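# what follows is a predicted structure for the sequence shown.
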Amino acid sequence: MMLHIKNGIVIDPKNGIDAEKMDIFVKNGKIVEESEVKGDVKVIDASNKLVVAGGFDMHAHIAGSKINVGREMRPEEMRTVRLVAGKFRASIGRVLLTSPAIGYEYAKMGYTSAFEAAQPPVGALHTHEELDAIPMIDKAALPVFGNWHFVLKYVAEKNWEKLRTFIAWAIERTKGFGVKVVNPGGVEAWMYGGNCKSLDDEVPGFGVTPREIITALIQETENLNLSHSVHLHCNNLGTPGNYETTIESMKLASKFSNDRRQVLHVTHVQFNAYSGSSWRDVGSGAAEIAKYVNSVDNITIDMGQPIFGHATAMTGDAPFQFTLHKLTGARWSNKDSEIEGGAGIVPIGYLPKNPIHALQWAIGLELGLLVDSDKVVLSTDYPNGGPFTEYPYIMAMLMSRKMREKELERVSPYVQKATGLAAIDREKTLFEVIQMTRSLPARVMGLDSKGHLGFGADADIAIYNFDPLTVDVTNDFETVYKVFKTSAYTIKGGEIIAMNGELVKEVWGRTFWVDATSKVEMEAIESDLDEMFSKYYSLERQNYGVEESWIKKPERLVMG
Amino acid sequence: MIEVEIISGRTLDQGATVEEKLTDEYFKAVNYCELSEEDFNALNLSEGDRVRVKTDFGEVVVYAVKNKDLKKGMAFIPMGPYANMVIDPNTDGTGMPQFKGIKGVVEKTEDKVLTVKELIEVI
Amino acid sequence: MAEEVNIICTFCGSVCDDVQFDLEKFKGKKFCKLGSSKFSKKERIKAPMIDGKEVSYEEAIEKAAEILVNAKRPLLYGWASTVNEAIRLGVLLTEKVRGVYDQCASVCHAPGTLALIEEGVPGGSLGEIKNRADMVVFWGSNPMEAHPRHPVRYSVRAKGLLIKDRKDRKVVVVDVRKTKSANMADLFIQIKPGYDYPVLSALRAIIKGEEDAVPEEVGGVKKEQLKELAEMMKSAKYGAVLYGLGVTQSRGRDRNVENAIKLIQLLNRYTRWIIWPMRGHYNVVGAGEVPAWEAGYTYAIDFSRGYPRFSPGEFSANEILQRGDCDAALIIASDPAAHFPKVSVKHLKKIPVIQIDPFPNMTTLLSDVVIPSAVAGLEAEGTAYRMDGIPFRVKKIVDTEYWSDEKILELMLEKVNELQR
């Protein structure tokens, strides 16, 4: 199928195109030069419409056992009917969604890729089964390393070759995309009822610290030069005063550099950007964090923006989830997982008049506004902050001070003294917001074929009923919000999958995974693997891991 | 006649024959009721005798087996078609029938134990 | 030269994956009695049948599709003893024919799901128990008869990171009768049938320091013994309550599990504890997980309005059958004729029934269309989730003429689509 998207107004930050009238040509699922497209071509009239790359959600919890436990725990979330079964599957969910609903909602919004942020390694096959149940989008999963006993052991032994080899082995076995680290050391400490809240707390049984774990994982991820950098959920999440832990963690990246991309991506920073010493005097540490991130060139972050309404806290940070359960009295699920880590799930909500929730909301926006647009990705850490379908709300807020002023009127006045949000005049441009939702996430993940509209890019394109040359984003925020919720066209791999909020065709995306095995000698860890499996795992090493043939459409990225 | 509280549940033999339900082995694995030594003797039972187990929900004839580890007043029938003739089908709004803890009576009988195929006919 | 292959057992929720199977002798090393029987040669359903007459797979599947499409409200039940790939097709099929999806958990551990909804579940994987648990409480669970290798692989004799010897661990069995599992316990506590709930409440009160509220005897257990148990639990470094049908099938059902979960929530404020159900079938977890991601719920799902609705009191198989609220049934990988109360079976006898199963069972005796399938884990491959949710790819180690559940359902879905056009 060949496409000619005619007369659209293109914003393509990676290729420096800022609202220029341009035609886009598609052939065989790729964006190509006009000369290649001859014969039977479908023409899409994109006059007065914005044409951008499909959105890239590089941090969302969309597939795997904790997402499913969230569904099972919260039937109240499943009663919203989005689509009755017919040509397409029944689609249900309020903020939590079924797998078909996830694919359909991303498609309607103009997003074409979404990556699962935390995959429990022993449960990798389950994560892939759920990813394969999500239609429309391209996907991947990040296995979690920060409390895995092999990692703790090799860091303690300072055996970098083995650590490096292990990373390559683990990503291959889980068919994962990179190195995710969640509360390093803290989840192992939770097995004893504790936590690692500072970078220098010792992990029980191993004598290593989060500082050592993070540094070692960055070092070896860079030695392997993986597609994506270490992706860190910091220690001390959700605690007043934790912004200092976050900056200290970020400083661990200072001696590393990489030409292609950042060496450290710190995730949902909002939850790790609190100042103060208790919930009585908690405030925003966003400005300090933004200052640091802007001053270096090798760190990226994503916002973790709360959206007022329902949400579900689900992370691999098991001790934090228990704290949340005690704090809120809400239902609590926990899963300690073999010798790899853990997870926890607690239903939550964000109320505008609640001072703490309003503070969190304000901090997310501060980060989005203060951090340079080539360093901050737009996210809600779905479903922890709220639905991904509200990304347009965040986009509109970043671009309009007027909209923020209006919102500030309805939230708790606590944010006036506890954050600097009201004083921020900055309005990000549409170019910047497209960067934060398309080209930046693709670069952060190391995927050259995504997030832009240059020749050779995957033909994942979103067209919006929005003329950037005439719409005033700073004043007409209602239009901005409405327009970005529903694309005029969503094109995936060159096929039209959604139009004006209606699904057109169900397609199935690819699952990317990273193969770095040629960069290591597996022999180095063979006997350790055999020993640890037989002593500490409850399943056989030979039955551990995922084979490519079990995944619907695997796409192997070889690290040369 | 004695009063009992009936529990139905798994046994190793029942589990080991659960995929051959039309065989004699399965029949033997599920067609009995365990009684305490006291209750077994109170009914004047011997090895191989049958009993009629009756509850508000139904009745069934099964073989009687003595189990020294059972306390007086408790009866155990392996899960399966015989137990399901007498347990409580009501789910209390949960969807789950009450398979354990049903009050009933047990008396000696000369009637024979129906085979699995015969049982399906009379339901 | 005998060929030995590693096999993953597909009988109970323990999903033992350390079995070496000799293909020539057709025997496995390390199987328990249940695993041995699963992988032994048994009488099979010989061929697909319609009304007792042998037909081809295609004809039987076509007939099944007709029955489902013509039914106003078909019940599609079972699913716990097949693989996820088949279950997923089952959910899609149920959605297509606007029927009701229910699975074996509705007569086993579904009350645990209801408790999960009320309280969440603070749990952990089997490896954590093996490595860390210095106290294990089997509550209403009889692993020696239902999960024979669980104690040796995961929970009683298993050694790991912190547990080096059987002596490092205290094993308690709580039950209404002295089961075979009581013999392996350090402490056996007998309670009166139907009294799990107050016993759990008493433990919670004692642990919270409110023992004055507890009478001298609760559910047949003396207060002193409850205090002893409470103290043991509070002093454990990492404990696990593993519960079974004794709790879910007796008076109180889901409330029993809820109360046990509340006890674990409380204990986690002093030390570390987890609680987990002893799931029965090798993939009953999958039978709940797959519909959860496809359709939002784990069992008792009605699709008659074109979207999934969950209501255990209305849509679980026994409720539907007892109300006579289905006019056809597809039974796969289960045997409701043997395992449901007789009033439910009564209705099953009245309606057209399609069965998919490798082995003839009591449901076969009342089925109109019988479709024999391959045995997953032996003749067909696929994904199954162990009792703690860990996924395994069960193996195909012998060839067979029988179609896999997946293949049967794939064709059935195709036929249904054709008929509905």
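Nice, I can see it. Numbering: from 1, shown residues only, chains lettered A, B, ... in the order given.

# can we go C-alpha only for contacts and neighbour counts from here?
Fine.

# residues in contact with the residue of chain B found nearest chain A?
Proximity to chain A, evaluated over chain B using CA to the nearest CA, is greatest for B:T94 at 15.1 Å. Contacts for B:T94 (CA atoms under 8 Å, 6 or more residues apart in numbering or on different chains) come out as C:111, C:254, C:312-313.

# three-state assignment of the residue nearest the centre of chain B?
The centroid of chain B falls nearest to B:I77 when counting by CA atoms, centre = their mean (3.5 Å). Secondary structure, DSSP: H, G, I helix; E, B strand; the rest coil: B:I77 is strand.

# in the sheet, who's paired with it?
B:S8 (DSSP bridges).

# go on, C:I274?
As for beta bridges, C:I274 partners with C:A240 under DSSP bridges.

# and for it, the neighbour number?
When neighbours are defined as other CA atoms under 10 Å in any protein chain shown, C:I274 has 26 of them.

# can you pull the contacts of the closest residue to B:S36 other than its chain neighbours?
Of all residues beyond its chain neighbours, the one nearest B:S36 is B:L70 (4.7 Å), with distances taken as CA to CA, 6 or more residues apart in numbering or on different chains. Counting by CA under 8 Å, 6+ apart, B:L70 touches B:34-37, C:177-178.

# where's residue 4, which helix or strand?
Using chain A. Assigned by DSSP states H and E, A:H4 belongs to strand A:2-12.

# you answered for a different chain; I wanted chain B.
Using DSSP H and E, B:V4 maps to strand B:2-9.

# next SSE after that strand?
The element immediately downstream of strand B:2-9 (helix or strand, assigned by DSSP H and E) is helix B:12-16.

# ok, residues contacting that following helix?
So helix B:12-16 is in contact with B:26, B:29-30, B:78-79, C:33-35, C:37-38, C:144-146, going by CA under 8 Å, 6+ apart.

# could you do stretch A:242-258 as well?
With CA under 8 Å, 6+ apart, stretch A:242-258 has contacts from A:198-199, A:211, A:214-215, A:218-219, A:222, A:234-236, A:263-264, A:266, A:272-275, A:285-286, A:288-289, A:292, A:298-299.

# from the residues you listed, which land in helices?
A:211, A:214-215, A:218-219, A:222, A:286, A:288-289, A:292 (DSSP state H).

# spell out the secondary structure type for the residue in chain B sticking out farthest from the centre.
Distance from the centre of chain B peaks at B:G93, with 25.3 Å (CA atoms, centre = their mean). Here B:G93 is recorded as coil under three-state DSSP.

# the residue lying closest to it once chain neighbours are set aside - how many residues pack around it?
Spatial nearest neighbour of B:G93, chain neighbours left out: C:G313 (4.2 Å); criterion: CA to CA, 6+ apart. Using other CA under 10 Å, C:G313 has 17 other residues around it.

# which secondary structure elements does the strand holding B:V4 sit against?
strand B:74-78, strand B:100-109 (3 or more CA pairs under 8 Å, 6 or more residues apart in numbering or on different chains; DSSP states H and E).

# quick one, which of the ones you listed is packed in tightest?
strand B:74-78 (a mean of 25; mean count of other CA atoms under 10 Å in any protein chain shown).

# where's residue 59, which helix or strand?
All of this is about chain A. strand A:55-60.

# wrong one, chain B
Going by DSSP H and E, B:E59 is part of strand B:58-66.

# tell me the residues of chain B that contact chain C?
B:5, B:10-12, B:15-17, B:19-22, B:69-71, B:79-81, B:84-89, B:91-101, B:116-117, B:120, B:123 (CA under 8 Å from any CA of the partner chain).

# from these, keep the buried residues only.
B:5, B:10-12, B:15-17, B:19-22, B:70-71, B:79-81, B:84-89, B:91, B:94-101, B:116, B:120 (16 or more other CA atoms under 10 Å in any protein chain shown).

# which residues are in contact with whatever residue of the stretch 351-500 of chain A ends up closest to chain B?
Using CA to the nearest CA, the closest approach of the stretch 351-500 of chain A to chain B is made by A:P383 at 29.6 Å. By CA under 8 Å, 6+ apart, A:P383 lies in contact with A:60-61, A:95-96, A:311-314.

# just give me the longest helix of chain C.
Max-length helix for chain C by DSSP H is helix C:405-420.

# need the contact partners of it.
For helix C:405-420, using CA under 8 Å, 6+ apart, the contacting residues are C:61-62, C:64-66, C:68-69, C:82, C:85-86, C:89-90, C:92-93, C:96-97, C:356, C:373-374.

# beta partners for the closest residue to B:E47 other than its chain neighbours?
Nearest non-adjacent residue to B:E47, counting by CA to CA, 6+ apart: B:V65, 7.0 Å away. Counting by DSSP bridges, B:V65 is bridged to B:E34.

# B:V65 and B:E37 touch, don't they?
No: distance between B:V65 and B:E37: 9.2 Å, which falls outside the contact criterion (CA atoms under 8 Å).

# pick out whichever of these two has more residues nearby.
Per other CA under 10 Å, whichever of B:V65 and B:E37 has more neighbours is B:V65, with 23 against 16.

# domain parsing for chain C?
What automatic domain parsing lists as the domains of chain C is C:44-108+C:282-391+C:399-420, C:110-277.

# now the first one: mean pLDDT?
Throughout domain C:44-108+C:282-391+C:399-420, pLDDT has a mean value of 98.

# for A:T239, grab the count of nearby residues.
21.

# which residues touch the residue nearest to it when sequence neighbours are not counted?
With sequence-adjacent residues excluded and distances taken as CA to CA, 6+ apart, A:T239 is closest to A:Y274, at 6.9 Å. By CA under 8 Å, 6+ apart, the contact list for A:Y274 reads A:238-243, A:282-286.

# just to revisit the earlier point, of the contacts of helix B:12-16, which belong to helices?
Those of those mapping onto helices are B:26, B:29-30, C:33-35, C:37-38, C:144-146, per DSSP H.

# rewinding a little: contacting residues around the strand holding B:E59?
The contact list for strand B:58-66, computed with CA under 8 Å, 6+ apart, reads B:31-37, B:40, B:45, B:47-54, B:82-83, B:85-87, B:109, B:111-114.

# got the CA coordinates for the strand holding A:H4 in CSV?
The C-alpha coordinates for strand A:2-12 follow below in CSV (Å, rounded to 0.1, in the frame of the first residue of the first chain):
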residue,chain,number,x,y,z
MET,A,2,1.4,3.4,-1.0
LEU,A,3,0.4,6.6,0.5
HIS,A,4,0.7,10.2,-0.5
ILE,A,5,0.0,12.6,2.4
LYS,A,6,-0.6,15.8,0.6
ASN,A,7,-0.3,19.4,1.8
GLY,A,8,0.1,18.7,5.4
ILE,A,9,1.9,21.0,7.9
VAL,A,10,4.8,18.9,9.1
ILE,A,11,6.5,19.2,12.5
ASP,A,12,9.5,16.9,12.6
